[in-house]
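Novice: Need a 3D model of the sequence below.
(chains A and B)
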Amino acid sequence: MSSTAMSTVRETDRDSDRWERTVPVFGFPVVNGFFLSLSGLVLVALALTAYRELAGLGPVSGMNDAFGWGIWKTFNVMVLTALGSGAFAVGIAAWVFRRKKLHVLMRMALLTSFLSYACGLLLLGIDAGRPWNFYWIVFPWRWNMHSPLAEVAICMSIYAMIPLAIENIPPVLERLWYFDSRLRPGVQKIEKVLRYFFPWIIAAAYLLPGMHQSSLGALMLLAGERVHPLWQTAWLPVLYLGAATFMSFGCVAGTTMLCCLVWKRAMDMEVLDEAARITAWLIFGWLGLRLLDILFRGAFVTALHLDRFAAVFWLEVLLVSVGGLLLLRSLRTGEKRSMFLGYVLSSAGGMIYRFSPTTLAFRPNPEALYFPATVEVLVSLGFISLGVVGFLVAVKRFAILPAPLHEWYDMASYFRFRRPYIRWTGYFKYGYFGEDETETNGDD
Amino acid sequence: MAITRRQLITGIAKAGVPAAIAGSVCTGKLHAESIEMPSAAVGMLYDATICIGCKACVAACAEANDTPPDTRGDALHQAPSDLNDLTRNVIKLYKPEDGSVFSFVKRQCMHCLDPACAAGCPFQALHKDPETGVVNWSAEECIGCRYCTITCPYHIPRFQWVGFNPRVTKCEFCSHRLAKGLKPGCTSVCPTGAVIFGPRPVLLREAKKRVQNNPGHYYQNRVYGETDNGGTQVLYLSKVPFEKLGLPELGPESVPAKTLRWQRRFYQYFALPAILYAGLVQVIRKSLNGHELEAHEREKETGLRAQL
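Specialist: Predicted coordinates for the structure are as follows:
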């Protein structure tokens, strides 16, 4: 590769804000006040978890005989894994429907998915009354194949532990590759194996979430009429899956925009517009299906009653549709503000939808009431914080966040000239071409 | 011309897709949907018009199941207000405000022929005995997910909220007594014969005879549980509407058969997911090849290592 050819490319690309490469967030310390307070919440949650394991669920939660499920399941698992379905939704758009621009968002999608699933599954284990019996998961003849809950529990754990975890390996390998030239042959060997199995792994990573995100909706089918008619429908699995797709697009693109704001990165409006266009389609498709289903079942009358169910329904529809309209508006005007707000509102509406059948619109009997206890909320927050802490560490230590090409060169010069004493994160020890400089220079 | 491996695989897939879709979607009735009567189905018949509400069955139930009496109400009397982690069987009173006819009701597991709790139970901790039809709970498989408390249309299984080793409490028909040739605790003490034990077909005949001999005495002149929710092994007779006693009108089709029809079809033999998977692998392979070509070219242009 001649140096002249290289320099021409570099000069043209230096001015471009096109997201081309994922680059670690540099120049910002991992540990700061925000990070420490989140870690504090995590520690509190862990201590309370120990107490919960000894005392049982009753003393720490607002769950009761009528509301057998509290926010640990209905919010942390049912709602937050929908936000974390980016690896599924963005992945299918990029790899199956070949929206090539979205490839650069994939690492964000994979990371947020992995963290939300991991934290959700941990809390699922804490929420289970007899978690030690989870070992039956390795004995397929014990599975109840027709149970939606078995489908969710088995499929979710397998998905998070195998395909999703493997999909997250490349950034780690990449860092090892830059870390030390002696590791490179080994890294390349692993990459070759990964490359060979990748189609099978990715395909599983799309099939499994498709199955369990829809089965999460199927869970409440068995509850029958105790779920309010605005929500109880045979289409629940499809609607749950659909909500997960636009919510996760909102989570991935919205989080990326937020990170760009916080860590002062250029935004590539071509990629963001593509994501917003797909999200808007998903939102209005989903909304259409939801409203048509309600109309055809004749449940629309209940939406006109003056009660809390109708209020929740209209709030949800309003948030989702306004979010979708804001996204369309941002596509027309190019306003980043309305795009971000569109993602936030539509995802919030989707969260209300996913939260409703199990909690807000669940009426086991007229006098039943559920409100989460303080400990329950603290543990729930603690496990969300765990995900955020993981995210903060990951984006600052691995190449996750998309950036223009010049960000990579900036990072290299930053560590070479302003922080030359940092040796232990390999993006910096060797130049940005990845060549081993110790051999050529002889110093070090 | 020789057939390559690729041609063979795609050929099989092309033929297999319509066949599998037809096979899994168009099957008339699934195995899980046809409800079979257990060979030696036991049953209970509870006649609310005879019950005097003495609660002897409540005490006998606790004794038979070796559970301490639930005196949490007033720290003195065994008077649980509802089913709970110590109470498998409870007598409740339905007394309308307007002073019209009142009724007692014995709340306990209905032992449905197609139980929703077992349909949802992930590792078959709740399972229906193939012979007696009793829905039993086993501590070795239960993960404590409490899905049974959500799925049961009669709201019977109760979770133990306190303690590190919680259990699910529900009537298990005194299976340990049945094995010894004894009747369930509640039926052995009832002074008026409001609840009686026997084979389900015999009890159903008896219940129908009572309805026939007293026309107009029983609500709707029918036995609750004959066909409701696909049929239950505990049968009810009452003079007040069944809904008032906590027995909702669910129709003749069982809850799992009614609600999980499409779920079951989709996952039958795992055929559709397997086909979807095969298709996805093919599409992704192609995308991956294209993606890698582009990445390599860009790698040459920029001199920076491609990122997957």
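Novice: per-residue pLDDT, residue 208?
Specialist: Chain wasn't specified; assuming chain A. Predicted confidence (pLDDT) at residue A:208: the value is 96.
Novice: was after chain B, sorry
Specialist: pLDDT recorded at residue B:208 is 96.
Novice: Leaving out sequence neighbours, find the closest residue to it.
Specialist: Excluding the flanking residues, the one nearest residue B:208 by C-beta to C-beta, 6 or more residues apart in numbering or on different chains is residue B:223, at 6.4 Å. From N, CA and C alone the C-beta is placed, and that goes for glycine too.
Novice: my guess is the one you found contacts residue B:234, does it?
Specialist: No. In this structure residue B:223 lies outside contact range of residue B:234 using C-beta atoms under 8 Å: 10.8 Å.
Novice: what residues does the stretch 1-150 of chain B put near chain A?
Specialist: Proximity of the stretch 1-150 of chain B to chain A (C-beta under 8 Å from any C-beta of the partner chain) is limited to residues B:32, B:82-84, B:116, B:118-125, B:139-147, B:149-150.
Novice: rerun at 7 Å
Specialist: Counting by C-beta under 7 Å from any C-beta of the partner chain, the stretch 1-150 of chain B comes close to chain A at B:32, B:84, B:116, B:119-124, B:140-147, B:149-150.
Novice: and those residues, which of them are in helices?
Specialist: B:116, B:119-120, B:147, B:149-150 (DSSP state H).
Novice: farthest-separated two in the residues you listed?
Specialist: Taking C-beta to C-beta, the two most distant members of these are B:119 and B:149; they sit 14.1 Å apart.
Novice: the more surrounded of these two?
Specialist: residue B:119 (27 against 23; other C-beta atoms under 10 Å in any protein chain shown).
Novice: pretty sure the more buried one contacts residue B:258?
Specialist: No. If you go by C-beta atoms under 7 Å, residue B:119 and residue B:258 don't touch, sitting 10.9 Å apart.
Novice: List the contacts of whichever residue of chain B sits closest to chain A.
Specialist: As assessed by C-beta to the nearest C-beta, chain A sits closest to residue B:144 within chain B, at 2.2 Å. If you count contacts by C-beta atoms under 7 Å, 6 or more residues apart in numbering or on different chains, residue B:144 has them with A:128-130, B:166.
Novice: can you pull out the strands in the chain?
Specialist: Here I'm looking at chain A. For chain A, the strands defined by DSSP state E occupy A:19-22, A:402-404.
Novice: try again with chain B
Specialist: Under DSSP E, chain B gives strands at B:42-47, B:90-94, B:103-107, B:126-128, B:135-137, B:158-159, B:168-169, B:195-199, B:234-237.
Novice: With distance to residue A:116, mean pLDDT and mean neighbour count added, can I get the ones you listed in CSV?
Specialist: Formatted as CSV, the strands of chain B follow (distance: least, C-beta to C-beta, whole Å; pLDDT from 0 to 100; neighbours: other C-beta atoms under 10 Å in any protein chain shown):
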stretch, distance to residue A:116, mean pLDDT, mean neighbour count
strand B:42-47, 47, 96, 25
strand B:90-94, 42, 95, 17
strand B:103-107, 40, 96, 22
strand B:126-128, 30, 95, 22
strand B:135-137, 33, 96, 21
strand B:158-159, 27, 96, 24
strand B:168-169, 29, 96, 22
strand B:195-199, 50, 96, 18
strand B:234-237, 43, 97, 24
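Novice: Out of the ones you listed, which is closest to residue A:346?
Specialist: Nearest to residue A:346 among those is strand B:158-159; the distance by C-beta to C-beta comes to 35.9 Å.
Novice: by contact count, what packs against that closest one?
Specialist: On a contact count with 3 or more C-beta pairs under 7 Å, 6 or more residues apart in numbering or on different chains; DSSP states H and E, strand B:158-159 meets no helix or strand.
Novice: related to what we said a few turns ago, which one of the strands of chain A lies nearest to residue A:115?
Specialist: Per C-beta to C-beta, nearest to residue A:115 of the strands of chain A: strand A:19-22, 16.3 Å.
Novice: Point me to the residue of the stretch 51-200 of chain A nearest chain B.
Specialist: For the stretch 51-200 of chain A, C-beta to the nearest C-beta, closest residue to chain B: residue A:129, 2.2 Å.
Novice: quick one: low-confidence parts of the chain?
Specialist: As the question left the chain open, I've gone with chain A. Across chain A, the ranges flagged by pLDDT under 70 are A:1-14, A:420-444.
Novice: Actually, chain B is the one I wanted.
Specialist: Using pLDDT under 70, chain B drops low at B:1-34.
Novice: Residue B:64 is in contact with residue B:185, isn't it?
Specialist: Yes. Between residue B:64 and residue B:185 there is a contact under C-beta under 7 Å: 2.9 Å.
Novice: Between the two, which contacts overlap?
Specialist: Common contacts of residue B:64 and residue B:185 (C-beta under 7 Å, 6+ apart): B:174, B:177.
Novice: Contact residues of the stretch 201-350 of chain A facing chain B?
Specialist: Proximity of the stretch 201-350 of chain A to chain B (C-beta under 7 Å from any C-beta) is limited to residues A:202-203, A:206-207, A:211, A:218, A:221-224, A:234.
Novice: In helices, which of the residues you listed fall?
Specialist: A:202-203, A:206-207, A:211, A:218.
Novice: okay if I get those residues as a markdown table plus neighbour count?
Specialist: Below are these laid out as a markdown table (neighbours: other C-beta atoms under 10 Å in any protein chain shown):
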| residue | neighbour count |
| --- | --- |
| A:202 | 26 |
| A:203 | 23 |
| A:206 | 23 |
| A:207 | 22 |
| A:211 | 22 |
| A:218 | 25 |
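Novice: Distance to residue A:327 added to those residues, as a markdown table?
Specialist: Converted to a markdown table, these look like this (distance: C-beta to C-beta, whole Å):
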| residue | distance to residue A:327 |
| --- | --- |
| A:202 | 27 |
| A:203 | 29 |
| A:206 | 24 |
| A:207 | 28 |
| A:211 | 28 |
| A:218 | 29 |
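Novice: can you give me phi and psi for the residue with the shortest distance to the centre of chain A?
Specialist: The centre of chain A sits closest to residue A:84, judged by C-alpha atoms, centre = their mean, with a distance of 2.5 Å. Per-residue torsions, residue A:84: phi -90, psi 20 (degrees, to the nearest 10).
Novice: Which residue, neighbours along the chain excluded, lies closest to it?
Specialist: In space, residue A:84 is closest to residue A:116, 2.7 Å off (C-beta to C-beta, 6+ apart).
Novice: In contact with residue B:235, which residues?
Specialist: Taking C-beta under 7 Å, 6+ apart as the test, what residue B:235 contacts is B:43, B:45, B:203-204, B:207, B:223-226.
Novice: now it: how far from residue B:106?
Specialist: When distance is defined by C-beta to C-beta, to the nearest Å, residue B:235 is 12 Å away from residue B:106.
Novice: farthest pair in the residues of the stretch 201-350 of chain A next to chain B?
Specialist: A:202 and A:224 (37.4 Å).
Novice: before we move on, the earlier item: among the contacts of residue B:235, who's most crowded?
Specialist: The contacts of residue B:235, ranked by neighbours (other C-beta under 10 Å): first place residue B:225, 28 neighbours.
Novice: residue contacts, it?
Specialist: B:110, B:231-232, B:234-236.
Novice: Try it again at 10 Å.
Specialist: Each residue near residue B:225 by C-beta atoms under 10 Å, 6 or more residues apart in numbering or on different chains is listed here: B:43-46, B:110-113, B:200, B:203-204, B:207, B:231-237, B:242, B:247.
Novice: tell me the phi and psi of it?
Specialist: phi 110, psi -10.
Novice: For the contacts of residue B:144, give me TSV that also has neighbour count.
Specialist: Output for these, formatted as TSV (neighbours: other C-beta under 10 Å):
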residue	neighbour count
A:128	21
A:129	21
A:130	19
B:166	21
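Novice: Okay, and which of those map to helices?
Specialist: Counting by DSSP H, the contacts of residue B:144 contribute nothing to helices.
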